[in-house]
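> how does the following fold in three dimensions:
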Amino acid sequence: MQPLDLIVLVGTLVFIILYGIAKNNKHKDIDAYMRSGGEKKSWVICLSIIATQASAITFMSTPGQAYQSGMGFLQIYFGLPLAMIVISAVFIPVFYRQNVYTAYEYLEGRFNLATRQFIAFLFLISRGLGVGLTLYAPAIILSTILGWNLNLLCLLIGFAVMFYIYIGGEKAVSQTQTLQMIVILTGMAVALVVLIQYLPVGVSMKDAIHLAGKMGKLKAVDTKFSLDGRYNIWSGLLGGFFLSLSYFGTDQSQVSRYLGGSSVKESKLGLFYNGIVKIPMQFFILFIGVMTYLFFMFHHSPVFFNNKALEKVTLSADVKQQLADKEREHELIESERNKTAIEWAHARNTAQESFYTDSLQKFEQQDIQVRTDVKQIIAKNAPGVETRDTDYVFLTFVLNHMPVGLIGLLLAVMFCAAMSSTAGQISSLASTTVIDYYKRSINKNGSDKHYVNASKVSTLIWGCITISFAVSAPLFDNLVQAVNIIGSLFYGTILGVFIVAFFFKFVKGRAVFIAAIISEAIILSLFSVDKITSYLGIQPIGVVSKIAYLWYNPIGVILVVGFSCLFALFYPKERKVFS
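Numbering: from 1, shown residues only. I've put the predicted structure just below:
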């Protein structure tokens with residue numbers, strides 16, 4: 001890394017950390033520390049919500065997803081705007097009337113303490129795993145690309161975030177997230193401009209977009225219905241709706257973002273703005289991935305994007321020769337493909353266009369096969385190297401082709417995204433631990449100052465847990481998918497309990513508590529069957545192991561609602577499980 005890039009990177013991060021510390025408002029009570037004293041405006045809420053959800057995984061992995069598979073991933077957000085409307089109409093008014101610090105406080109008043117703490121426990125498990133991944137994912141990629149120590153990166157990001165949360169509380173989180181989102185969106189916009197400027201002479205932006213469409217990268221909607229299809233309009237509208245409804249309506253990492261609004265109206269507007277902005281923002285990030293694909297259509301690309309990791313392992317002379325042969329084969333195909341792409345642009349809107357399009361698609365398939373062969377060689381001879389390299393595509397472009405100075409800015413984007421998302425999640429884990437467990441069941445009569453100090457200690461504990469998980473976690477199939485998969489295992493049950501609470505007034509605490517336990521057991525069993533059959537290589541049992549993760553969300557809701565109504569017949573009157 002050039003000195004200028006390092007200065008830009010370090011300077012940006014130091015400024016954000018100091019800014020977060022400066023937002024310490026001398027917390028006099030728990031409300032100021034956990035809810036910013038109810039001062040947030042709608043635009044701050046919107047940016048804070050986006051920053052908590054859009055981790056570094058979003059800005060590193062999503063462009064790679066588009067590079068490989070196109071724009072189809074966008075469909076998981078199709079249900080989000082409708083979810084924002086439901087949350088604004090139902091969830092927010094209830095939370096404000098109850099004056100809660102966490103979403104799970106409401107469940108005790110509606111049901112019982114057992115239900116409150118069981119659902120809070122599911123949140124702590126799912127979010128605890130998720131925040132470890134959001135810290136680990138950028139750290140392992142950046143450490144591989146930059147040659148920096150993985151554990152050191154996890155420690156630097158984790159402790160920086162813990163420090164300004166400890167000092168500034170929720171206000172520091174929301175204010176730094178606003179600044180971080182400005183850095184992130186600016187950096188990504190700059191990257192897109194550079195990608196456009198790299199288009200060859202004679203190839204216009206219109207030509208590039210048309211070419212991407214011909215290569216199947218712009219197909220954002222798949223209308224085919226299937227349970228095993230991760231990304232189609234049906235899983236996006238239905239599964240994405242329930243995922244968004246649960247995440248934004250019942251996940252404390254998001255609920256805490258809008259509970260600090262200066263009014264119900266400001267909180268609703270913040271969510272509404274998020275519903276408007278989120279899909280265009282994801283489209284923008286995916287489009288950067290498509291433009292990265294087009295960049296490598298006209299310029300040299302590595303046959304394996306995680307080559308830095310490959311350089312760190314010892315390979316035999318025979319294996320090196322095999323890889324060298326595949327590299328040459330890739331270069332030959334790439335040379336022909338690059339030349340054909342230029343010819344395609346010149347022949348566009350002529351009778352020759354279809355000929356060149358067919359040729360490009362043929363070269364594409366040949367190159368995919370070569371890349372597959374390389375990954376198989378690596379998997380066989382260097383099992384410690386992760387062969388799924390799409391998460392490294394965008395960073396490869398940034399580090400090898402961005403101008404000096406802008407590289408530091410784009411790396412700052414990755415670090416800012418990691419810090420903003422991690423901060424929001426650690427803060428929510430700490431508040432849930434203190435409010436739903438410590439203040440409720442361990443020390444009920446402490447002073448405000450005592451609970452502020454307890455929240456600070458909880459922040460440190462969860463920060464250390466997050467870092468510990470991050471330095472030991474394995475790399476998942478695709479990082480941006482992994483976070484959604486983890487959430488989907490728990491969100492359906494959590495949302496189902498809230499749906500029952502809001503709309504099924506005849507269901508009492510014991511019935512919904514038992515239903516939630518059974519529902520979660522079934523969801524985890526379905527996921528286990530999927531993974532076990534896949535690992536053993538045996539034939540799936542019916543459709544059980546073919547269910548894509550987005551469907552776990554509506555399934556969980558249906559199970560909780562169904563079992564709750566059933567058990568309500570046996571427990572028609574309230575019987576406290578424990579108090």
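
> any idea how far residue 273 is from residue 182?
The gap separating residue 182 from residue 273 is 15 Å, by CB to CB, to the nearest Å. Yep, even glycine has a C-beta here, placed from its N, CA and C like the rest.

> so which of those two has more stuff around it?
residue 273 (18 against 12; other CB atoms under 10 Å).

> so which strand or helix has the more buried one?
helix 264-298 (DSSP states H and E).

> how about that helix: buried residues?
266-275, 278, 281-282, 285-298 (16 or more other CB atoms under 10 Å).

> again with stretch 362-380
363, 366-367, 370-371, 373-375, 377-378.

> from the rest of the structure, what touches it?
Identification of contacts with stretch 362-380 by CB atoms under 8 Å, 6 or more residues apart in numbering yields 215, 303-304, 310, 319, 322-323, 326, 329-330, 333-334, 336-337, 340, 385, 387, 389.

> show me what the least confident helix or strand in the chain by mean pLDDT is packed up against.
Ranked by mean pLDDT, DSSP states H and E, the helix or strand of the chain with the weakest confidence is helix 30-35, at a mean of 75. For helix 30-35, the elements it packs on are helix 150-197, helix 252-259, helix 448-470, judged by 3 or more CB pairs under 8 Å, 6 or more residues apart in numbering; DSSP states H and E.

> can you say which of those helices is nearest to residue 423?
helix 150-197 (4.7 Å; CB to CB).

> can you name the next helix or strand after that closest one?
Past helix 150-197, the next helix or strand by DSSP H and E is helix 205-214.

> export that following helix as CSV, just CAs?
Extracted C-alpha coordinates of helix 205-214, given in CSV (Å, rounded to 0.1, in the frame of the first residue of the first chain):
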residue,chain,number,x,y,z
MET,A,205,-21.9,3.2,-21.2
LYS,A,206,-24.9,2.2,-23.2
ASP,A,207,-22.9,-0.4,-25.0
ALA,A,208,-21.6,-1.8,-21.7
ILE,A,209,-25.0,-2.1,-20.1
HIS,A,210,-26.4,-3.8,-23.3
LEU,A,211,-23.4,-6.2,-23.2
ALA,A,212,-24.1,-7.0,-19.5
GLY,A,213,-27.7,-7.8,-20.4
LYS,A,214,-26.6,-10.1,-23.2
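
> list the buried residues of that helix.
Residues 207-212, 214 are the ones in helix 205-214 that count as buried (16+ other CB under 10 Å).

> right, and the helix or strand after that helix?
helix 233-234.

> coming back round to it: adding distance to residue 197 and pLDDT, write the buried residues of helix 205-214 out as CSV.
Shown next, in CSV, are the buried residues of helix 205-214 (distance: CB to CB, whole Å; pLDDT from 0 to 100):
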residue, distance to residue 197, pLDDT
207, 15, 90
208, 12, 90
209, 15, 91
210, 19, 91
211, 17, 91
212, 17, 91
214, 22, 90
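
> looking at these, which is nearest residue 137?
Nearest to residue 137, judged by CB to CB, of those is residue 212 at 26.5 Å.

> surely residue 514 is within a strand?
No. Residue 514: not assigned to a strand; according to DSSP: H, G, I helix; E, B strand; the rest coil it is helix.

> give the contact list for it.
563, 567.

> could you do the one 3 residues further on as well?
With contacts defined as CB under 8 Å, 6+ apart, residue 517 is in contact with residue 118.

> one more time with 10 Å
114-115, 118, 493, 560, 563 (CB atoms under 10 Å, 6 or more residues apart in numbering).

> quick check: which element contains it?
Element membership for residue 517 (DSSP H and E) is helix 509-536.

> buried stuff in the next helix or strand after that helix?
Using DSSP H and E, the next helix or strand after helix 509-536 towards the C-terminus is helix 552-568. Neighbour counts over helix 552-568 (16+ other CB under 10 Å) mark 552-557, 559-561, 563-565, 567-568 as buried.

> can you check what angle separates helix 552-568 from helix 509-536?
140 degrees (axes from the mean of the first three to the mean of the last three CA atoms, to 10 degrees).

> packing partners for helix 552-568?
Contacts defined by 3 or more CB pairs under 10 Å, 6 or more residues apart in numbering; DSSP states H and E place helix 552-568 against helix 240-250, helix 479-503, helix 509-536.

> distance from the chain centre to the shortest one, please.
The reference is to helix 240-250. 14 Å (CA atoms, centre = their mean, to the nearest Å).

> let me know the average pLDDT across it.
Averaging pLDDT along helix 240-250 yields 84.

> can you report how many residues neighbour the residue lying closest to residue 551 once chain neighbours are set aside?
Spatial nearest neighbour of residue 551, excluding adjacent residues (CB to CB, 6 or more residues apart in numbering): residue 239 at 5.3 Å. Applying other CB under 10 Å, we find 27 residues neighbouring residue 239.

> and the gap between residue 239 and residue 518?
From residue 239 to residue 518 the distance is 21 Å (CB to CB).

> which stretches of this structure have low pLDDT?
Low-confidence segments of the chain (pLDDT under 70): 1, 23-28, 36-38, 226-230, 472-484, 487, 529-550, 574-579.

> how much space separates the residue lying farthest from the centre of it from residue 207?
Centroid-distance maximum for the chain: residue 351 at 44.1 Å, with CA atoms, centre = their mean. Distance, residue 351 to residue 207, by CB to CB: 17 Å.

> how would you label the residue farthest from the centre of the chain: helix, strand or coil?
Residue 351 ends up coil, using three-state DSSP.

> okay, the helices and strands packed on helix 30-35, which one's buried deepest?
helix 252-259 (a mean of 27; mean count of other CB atoms under 10 Å).

> ok and it relative to helix 264-298, angle-wise?
130 degrees.

> other SSEs contacting helix 252-259?
Looks like helix 252-259 contacts helix 30-35, helix 42-53, helix 92-98, helix 113-146, helix 150-197, helix 240-250, helix 264-298, helix 406-433 (3+ CB pairs under 10 Å, 6+ apart).

> dump those helices into JSON lines; add distance to residue 440 as well.
Formatted as JSON lines, the helices and strands packed on helix 252-259 follow (distance: least, CB to CB, whole Å):
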{"stretch": "helix 30-35", "distance to residue 440": "13"}
{"stretch": "helix 42-53", "distance to residue 440": "24"}
{"stretch": "helix 92-98", "distance to residue 440": "14"}
{"stretch": "helix 113-146", "distance to residue 440": "7"}
{"stretch": "helix 150-197", "distance to residue 440": "19"}
{"stretch": "helix 240-250", "distance to residue 440": "18"}
{"stretch": "helix 264-298", "distance to residue 440": "24"}
{"stretch": "helix 406-433", "distance to residue 440": "11"}
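
> nearest to residue 485, out of the ones you listed?
Of the helices and strands packed on helix 252-259, nearest to residue 485 by CB to CB is helix 113-146, at 9.8 Å.

> check the gap between the residue nearest to residue 551 and residue 492 for me.
On the measure of CB to CB, residue 239 and residue 492 end up 10 Å apart.

> now do the shared contacts for these two.
With CB under 10 Å, 6+ apart, residue 239 and residue 492 have common neighbours 551-555.

> could I get those residues as a markdown table with distance to residue 198?
What follows is the shared contacts of residue 239 and residue 492, written out as a markdown table (distance: CB to CB, whole Å):
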| residue | distance to residue 198 |
| --- | --- |
| 551 | 40 |
| 552 | 41 |
| 553 | 40 |
| 554 | 43 |
| 555 | 45 |
